[in-house]
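Student: pasting the sequence and the predicted model now:
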Amino acid sequence: MNGGKKALLTLRYLAVVLAMGILLLPIYWIFLNSIKTNAQAASVPPLWFFEPDLSHYITIFTSAKFDLREAMFNSLVVSVGATALALALSFTTAYSLSRYKTGGRSFALWILSFRMLPPVVFVIPMYILFVKYGLVDTQLGLILLYLIFNIPITVWILRSFIDDIPKDFEEAAIVDGCTPTQAMLKIVFPLSTPGLVASAIVCFIFSFNEFIFAYIFTQSNAVTMPAMAAIFIGRYTYEWADLSASIMVMTIPMVIFSFLVQRWLVRGLTMGAIKG
Amino acid sequence: MTSARKRRLSIYLKLKYLLVLPVIAVLLIFSLYPFLSQIYLSFYSVSIRTYWEPTFVGFDNYMSQLVNPGYFWRSLGITILFVVIVVLSELLLGLGLALLIHPLSRVTKIITSLVVMPMFVAPVFVGALGRLAFHSIVGIVPYYFNFIGISPPSLTRFFDAFAIVCALDIWQWTPFIFLIVHAGLMSLPQEITDAAKVDGAGGWNQFRHITLPLLRTVLGVAIIFRTMDAFRTFDIPYVLNQGGPGSPVGGTTTISILIYTMMLHYQKIGDASAIVVVLLIFLNLMIPRITKYLGI
């Protein structure tokens, strides 16, 4: 390797390190704040070296002020419930769209448009409806609301995966005496496991991080982590170490989760448009 | 055609529609009811307390949102400017980063896993992060700005607040474009770039005439998804400074924030509904045009 090439490679590494620094520094800074005392976290000039104080990770789970345990439980119940319900409802639709092109392009787009609308356009009427049926501040209420964006996601991702399954399998099964429904459930459903996993991952991420519905439609019983965080920010303006610790507690599981599911991410996040 | 086959065919046809019924039913509840009720509400003066006895006001709500003082247009302008700035920046930065990392094949995997981290921080927390980092007294960013002797950005100034929201969005979502472009680069056939090299195409020429055209679909999809989500932005500006500074339309008042502010802060449900109706008409015109490029 000649000198010019070597210099270029070094430059490339330097640029990558710089970019990574910019992308990761804010997260590292929040982590540092989470192991400072509340006073240190708000100190001027900012502290970079100090004696770590891990107590916030206990405080946020035990003190009466921060009820993070319940919020975490709600977040999990709502995300898992919303994901499962969306998958259960969407599989047959995805199958129909893939195999029979039901309703053509405009039907598929109509479904997609729910993912594009700002969630805030659903708030007023749904709130009135939820008050009427006692769904405000319940986990079920949030699970139902999350269908608005989870259904388009699952239908589109699953459709792209089912498109990849050769039709021959079902045709062979039908020749052997299966009904079309049986062929769908016994042949295509098991083969679409990767699609189910990819859509479950994406639905879970979006439901877990969802803010506006959770913030407006819950008061005390069904408050999820993002809604709780917004309440913290408004109420405990200067308990920054506690706030940082709760950000870390909610972000770390998501980051680990993202490592585990990386090979499905691209296809999932682009709703099947890119088969990464 | 035998009658058995005919019967089978008719089962097929019925099945096809039967299968989509659950989703249609759910989505109809989520569309017809909200949209019809908001069209109705947009002609009334109504708050949460007076919800069951609204006062008919005709086109007043539309007039105040669209003509005088025309909050809708100001907020739409801010939203569109925001979308253009963040999507373009994220596109350039994400593409650049992907091209930088691509040749370093030995370390790409670990770098990719680290670089995508910002995407998994809930947007609410990104807003919180911004609020802490840009706090005028104890924030870390103003401190270092003062340290080098530049006057620091402040959340209380219109353009600064707008720029801060842009910066936070770019920080969070550049990894998304990077991830997609990276996947696109990985799937490029090696032979083509090799052939180009043999033919003597150097860095820029190879990128301009071979890599970029091959990445067109991938970039298109990335742009559409980012445009869609940037247009709906709510979480970051809301947590950062409730869409301020200034009201009802401040430097970070995206359309979503404006609707929220009208609805819950000013308790003007009729005004909020009028904005929703106009927005839905606008999106109805835009969405089919945008999705044409999704390659469906």
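Tutor: Nice, thanks for sending it over. Numbering: from 1, shown residues only, chains lettered A, B, ... in the order given.

Student: now do the helices in the stretch 51-200 of chain A.
Tutor: Along the stretch 51-200 of chain A, the segments classed as helices by DSSP state H, counting those that start in this stretch run A:56-62, A:68-100, A:104-116, A:123-132, A:139-163, A:168-175, A:180-182, A:189-191, A:193-209.

Student: can you point out the buried residues in the third one?
Tutor: The neighbour-count check on helix A:104-116 (16 or more other C-beta atoms under 10 Å in any protein chain shown) flags A:107-109, A:111-116 as buried. In short, each C-beta sits where N, CA and C put it, glycine included.

Student: near chain B, from the residues you listed?
Tutor: Contacts with chain B within the buried residues of helix A:104-116, counted by C-beta under 8 Å from any C-beta of the partner chain: A:107-109, A:111-116.

Student: do you know how far the residue in the stretch 151-296 of chain B that chain A sits nearest to is from A:Ile60?
Tutor: Among the residues of the stretch 151-296 of chain B, B:Ala183 lies closest to chain A, at 3.4 Å counting by C-beta to the nearest C-beta. According to C-beta to C-beta, to the nearest Å, B:Ala183 and A:Ile60 sit 37 Å apart.

Student: between these two, which has more neighbouring residues?
Tutor: A:Ile60 (27 against 21; other C-beta atoms under 10 Å in any protein chain shown).

Student: is the more buried one in contact with A:Ile247, as I believe?
Tutor: No. In this structure, A:Ile60 is not within contact of A:Ile247 by C-beta atoms under 8 Å, at 10.2 Å.

Student: what's residue 132 in contact with, if anything?
Tutor: You didn't pick a chain, so chain A it is. Contacts for A:Lys132 (C-beta atoms under 8 Å, 6 or more residues apart in numbering or on different chains) come out as none.

Student: my bad, chain B
Tutor: A:33, A:240, A:243-244, B:139-140.

Student: ranges for the helices of the stretch 101-250 of chain B?
Tutor: B:108-115, B:123-133, B:140-148, B:158-186, B:190-198, B:203-206, B:212-214, B:216-231, B:235-241.

Student: tell me which helix or strand in chain B has the weakest average pLDDT.
Tutor: Between all helices and strands in chain B, the lowest mean by mean pLDDT, DSSP states H and E belongs to helix B:190-198, at a mean of 73.

Student: angle of that helix against helix B:158-186?
Tutor: 100 degrees (axes from the mean of the first three to the mean of the last three C-alpha atoms, to 10 degrees).

Student: packing partners for helix B:190-198?
Tutor: helix B:203-206 (3 or more C-beta pairs under 8 Å, 6 or more residues apart in numbering or on different chains; DSSP states H and E).

Student: is chain A within reach of the helix it packs on?
Tutor: No. Helix B:203-206 lies out of reach of chain A by C-beta under 8 Å from any C-beta, never closer than 9.7 Å.

Student: any idea how far that helix is from the chain center?
Tutor: Put simply, helix B:203-206 sits 32 Å off its chain's centre (C-alpha atoms, centre = their mean, to the nearest Å).

Student: stretch B:265-272 now?
Tutor: Worked out by C-alpha atoms, centre = their mean, stretch B:265-272 lies 24 Å from the chain centre.

Student: picking that back up, of the helices of the stretch 51-200 of chain A, flag the one that's most buried.
Tutor: helix A:139-163 (a mean of 24; mean count of other C-beta atoms under 10 Å in any protein chain shown).

Student: can you classify B:Pro34 as helix, strand or coil?
Tutor: Look at B:Pro34: counting by DSSP: H, G, I helix; E, B strand; the rest coil, its state is helix.

Student: B:Asn68 too?
Tutor: Going by three-state DSSP: B:Asn68 is coil.

Student: again, but for B:Trp52
Tutor: coil.

Student: show the pLDDT at it.
Tutor: Looking at B:Trp52, its pLDDT reads 79.

Student: and what of A:Gly276?
Tutor: At A:Gly276, the pLDDT value in this model is 64.

Student: okay, now the unreliable bits of the stretch 101-250 of chain A?
Tutor: A:236-238 (pLDDT under 70).

Student: list the contacts for the residue nearest the centre of chain A?
Tutor: Nearest to the centroid of the C-alpha atoms of chain A, with distances taken as C-alpha atoms, centre = their mean, sits A:Ile205, at 1.2 Å. By C-beta under 8 Å, 6+ apart, A:Ile205 lies in contact with A:254, A:257-258, B:120.

Student: show me those that map onto helices.
Tutor: Using DSSP state H, the members of the contacts of A:Ile205 that fall within helices are A:254, A:257-258.

Student: out of the contacts of A:Ile205, which two sit at the greatest distance?
Tutor: A:Phe257 and B:Phe120 (7.6 Å; C-beta to C-beta).

Student: these two: who's more crowded?
Tutor: A side-by-side neighbour count of A:Phe257 and B:Phe120, using other C-beta under 10 Å, places B:Phe120 first with 22 against 15.

Student: could you break chain B into its assigned domains?
Tutor: B:3-56, B:70-294 (automatic domain parsing).

Student: kindly compare burial across those and name the winner.
Tutor: domain B:70-294 (a mean of 19).

Student: centre of the chain to that one, how far?
Tutor: That offset, for domain B:70-294, works out to 7 Å (C-alpha atoms, centre = their mean).

Student: now swap in stretch B:44-62 and tell me
Tutor: With C-alpha atoms, centre = their mean, you get 31 Å for stretch B:44-62.

Student: keeping just the C-alphas, turn that stretch into PDB.
Tutor: This file holds the C-alpha atoms of stretch B:44-62, laid out as PDB (Å, rounded to 0.1, in the frame of the first residue of the first chain):
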ATOM      1  CA  TYR B  44     -69.000  24.900  15.800                       C
ATOM      2  CA  SER B  45     -67.500  26.800  18.600                       C
ATOM      3  CA  VAL B  46     -66.900  24.100  21.200                       C
ATOM      4  CA  SER B  47     -64.700  23.200  24.200                       C
ATOM      5  CA  ILE B  48     -64.400  20.100  26.300                       C
ATOM      6  CA  ARG B  49     -66.900  21.500  28.800                       C
ATOM      7  CA  THR B  50     -69.500  22.600  26.100                       C
ATOM      8  CA  TYR B  51     -69.000  19.500  24.000                       C
ATOM      9  CA  TRP B  52     -72.600  18.400  24.200                       C
ATOM     10  CA  GLU B  53     -74.000  21.900  23.500                       C
ATOM     11  CA  PRO B  54     -71.900  23.400  20.700                       C
ATOM     12  CA  THR B  55     -72.700  26.800  19.100                       C
ATOM     13  CA  PHE B  56     -72.900  26.900  15.300                       C
ATOM     14  CA  VAL B  57     -70.400  29.400  13.900                       C
ATOM     15  CA  GLY B  58     -70.400  28.600  10.200                       C
ATOM     16  CA  PHE B  59     -67.000  29.100   8.600                       C
ATOM     17  CA  ASP B  60     -65.600  31.200  11.500                       C
ATOM     18  CA  ASN B  61     -63.100  28.500  12.500                       C
ATOM     19  CA  TYR B  62     -61.800  28.200   9.000                       C
END
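
Student: identify the residues contacting that stretch?
Tutor: Contacts for stretch B:44-62 (C-beta under 8 Å, 6+ apart): A:128, B:41-43, B:267-271, B:273-274, B:278.

Student: and A:Ile233, what element?
Tutor: Here A:Ile233 sits within helix A:225-235, counting by DSSP states H and E.

Student: elements contacting that helix?
Tutor: Applying 3+ C-beta pairs under 8 Å, 6+ apart, we find helix A:225-235 packed against helix A:68-100, helix A:212-217, helix A:240-260, helix B:123-133, helix B:235-241.

Student: could you pull out the buried residues of it?
Tutor: Buried residues in helix A:225-235, counted by 16+ other C-beta under 10 Å: A:225-230, A:232-233.

Student: where does chain B dip in pLDDT?
Tutor: Ranges of chain B meeting pLDDT under 70: B:1-13, B:200-202, B:291, B:293-296.

Student: thinking again about what came up before, closest one of the contacts of stretch B:44-62 to A:Pro194?
Tutor: A:Ile128 (40.5 Å).

Student: list the contacts of A:Phe232.
Tutor: So A:Phe232 contacts A:66, A:239, A:242-243, A:246 (C-beta under 8 Å, 6+ apart).

Student: cool, thanks, talk later.
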